[in-house]
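Novice: Pasted the sequence and its predicted model underneath.
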Amino acid sequence: MKLDINKIDIRTIITSRRYMLFASVMVVIGLGIVIFGVIAQVGSFAELLTANNQAQNTSRALQNKVKSLQEVDYLEEFSKSPQVDLALPFEKPLLQLISGVNSVAQQSGVSLSDITTSPGKLATQSAKVALDGTTVVAAPQRIGDDTKISIDGVNVLTIGLKARGSLTQINTFLDLIEKITPITQATKFKLSLAPAVAIQPAASGSAVLQTTTDVYESELELSTYYFAQPIAVTVDTPLPSIGKKEQAFLNSLDTYQFPDYQKQQQVQGGGSIDLFGTEQ
Amino acid sequence: MIFVHKLGSLAQIDQDRQDKKVIIQFFNSYFGSSVSIIGVEFDQNQKLLTLKLQSSSVFELKNVLVKLTDKEVFDKFTSVRPSNLTRSLDGKYQINVTVSTVAPKI
């Protein structure tokens, strides 16, 4: 039987099937509520759930970090923090290095000469431009010019010197120099027979040149290191752990020499109370 | 955090020094007593150690060049490069040997 759509009487349907019609309308409204009300909320609910999980993870990480930080003071490794700070200081350790080198020279018996460094070199290229108004041309690296060197996450300060003594004495000097703090190593070494020395015999008044066969002269470049670099980490980053290599170094730190160097805390001398004459 | 970073840097510097020392000791005995090491230069950035060797006989330095091509040397170091063979005013012969200090297998 074929249904003729033109013969459907809407009024009859509304009269006789009004409950079914009402129910249909309610179903449509219900579906509308589900689609536009509930499903739309599912997305934001999922986002909220994810954010909540992330916040919980961050909170857990922070709690662990706080716990770790509370335990740090009791760690055996951290008790050596003062020695580590002396081995790798935060400031340029020129005076500490010279003090240490002097101590090692006395122990090994070598005599030092021609110590060269330029720690006062202008720190930045812009400072140089501001000072003399010239264009800066990149120059080759020179001794003591440590403004651009950064190795293994630390800055380097290099000094040059000549050490004079017997082979054994120079060898001892080189061994001991790697056992001082701040941590130091010889990065350049050139050995040669010491040049002839002018001596004045008691009998005659004229000086004569005497060559020495067992006295050597070594030209050295010593590099020491300091830590002056920023570390960027987020608050919830866990504390890094100390590896085997680091642990081994910590254990060997007891064998290092710590030169008796007192850090200067205030300007000494002068005696001028009103330095700039502002109180007159 | 800073303590561990400092410790890591110190351990790395110490490792570099140990590697450098091991290489110097190896080559000091490897070439024999007729060849002396009279100069050392360590490039910290490239981790390259340049040894300046000296001998009174040029044939000893020729022997050095031959020894540098030995399998023993290739097995131990990632890179070994001789250069700058010169004769000094006092009649001695010198040659530079540049060695990579990255992970010597000694």
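Specialist: Okay, I see it. Residues are numbered from 1 along each chain as shown, chains lettered A, B, ... in the order given.
Novice: Tell me the helix or strand right after the helix or strand where A:Gly32 lies.
Specialist: Counting by DSSP states H and E, the element that carries A:Gly32 is helix A:18-33. Going down the chain from helix A:18-33, the next helix or strand is helix A:40-72, by DSSP H and E.
Novice: ok, then the element right after that next one?
Specialist: Immediately after helix A:40-72, counting by DSSP H and E, sits helix A:81-87.
Novice: so what secondary structure elements neighbour that following helix?
Specialist: Under the contact criterion of 3 or more CB pairs under 8 Å, 6 or more residues apart in numbering or on different chains; DSSP states H and E, helix A:81-87 touches helix B:2-30. Just so you know, the C-beta spots here come from the backbone N, C-alpha and C atoms, and that holds for glycine as well.
Novice: Tell me the buried residues in whatever helix or strand comes next after the helix it packs on?
Specialist: Following helix B:2-30 in sequence order, the next helix or strand is strand B:36-43 (DSSP H and E). By 16 or more other CB atoms under 10 Å in any protein chain shown, the buried positions in strand B:36-43 come out as B:36-42.
Novice: Centre of the chain to strand B:36-43, how far?
Specialist: Remark: strand B:36-43 is offset 7 Å from the chain centroid, using CA atoms, centre = their mean, to the nearest Å.
Novice: quick one: the helix holding A:Gly32 to chain centroid distance?
Specialist: Chain-centre distance of helix A:18-33: 70 Å, with CA atoms, centre = their mean.
Novice: Stretch B:41-60 too?
Specialist: So, by CA atoms, centre = their mean, the centroid of stretch B:41-60 is 5 Å from its chain's centroid.
Novice: Show residues contacting it.
Specialist: Here stretch B:41-60 makes contact (CB atoms under 8 Å, 6 or more residues apart in numbering or on different chains) with A:149, A:151, A:156, A:185-190, A:223, B:16, B:20, B:23-24, B:27, B:31-32, B:34-40, B:61, B:64, B:87-88, B:91-102.
Novice: Tell me which residues are up against stretch A:32-47.
Specialist: Against stretch A:32-47 from outside (CB under 8 Å, 6+ apart): no residues.
Novice: hmm, try it at 10 Å
Specialist: A:Leu48 (CB atoms under 10 Å, 6 or more residues apart in numbering or on different chains).
Novice: ends of it, how far apart?
Specialist: One end of stretch A:32-47 to the other measures 23 Å (CA to CA, to the nearest Å).
Novice: what mean pLDDT does that stretch have?
Specialist: Stretch A:32-47 shows a mean pLDDT of 86.
Novice: Quick check: buried residues in that stretch?
Specialist: Residues of stretch A:32-47 classed as buried by neighbour count (16+ other CB under 10 Å): none.
Novice: Around chain A, pick out the residues from chain B.
Specialist: B:1-18, B:20-21, B:24, B:36-45, B:47, B:49-52, B:54, B:90 (CB under 10 Å from any CB of the partner chain).
Novice: Buried subset of those residues, written for ChimeraX?
Specialist: If you want just the buried ones from the residues of chain B next to chain A in ChimeraX, going by 16+ other CB under 10 Å, the selection is:
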select /B:3,4,5,6,7,8,9,10,11,12,13,14,15,16,17,20,24,36,37,38,39,40,41,42,44,47,49,50,51,52,54
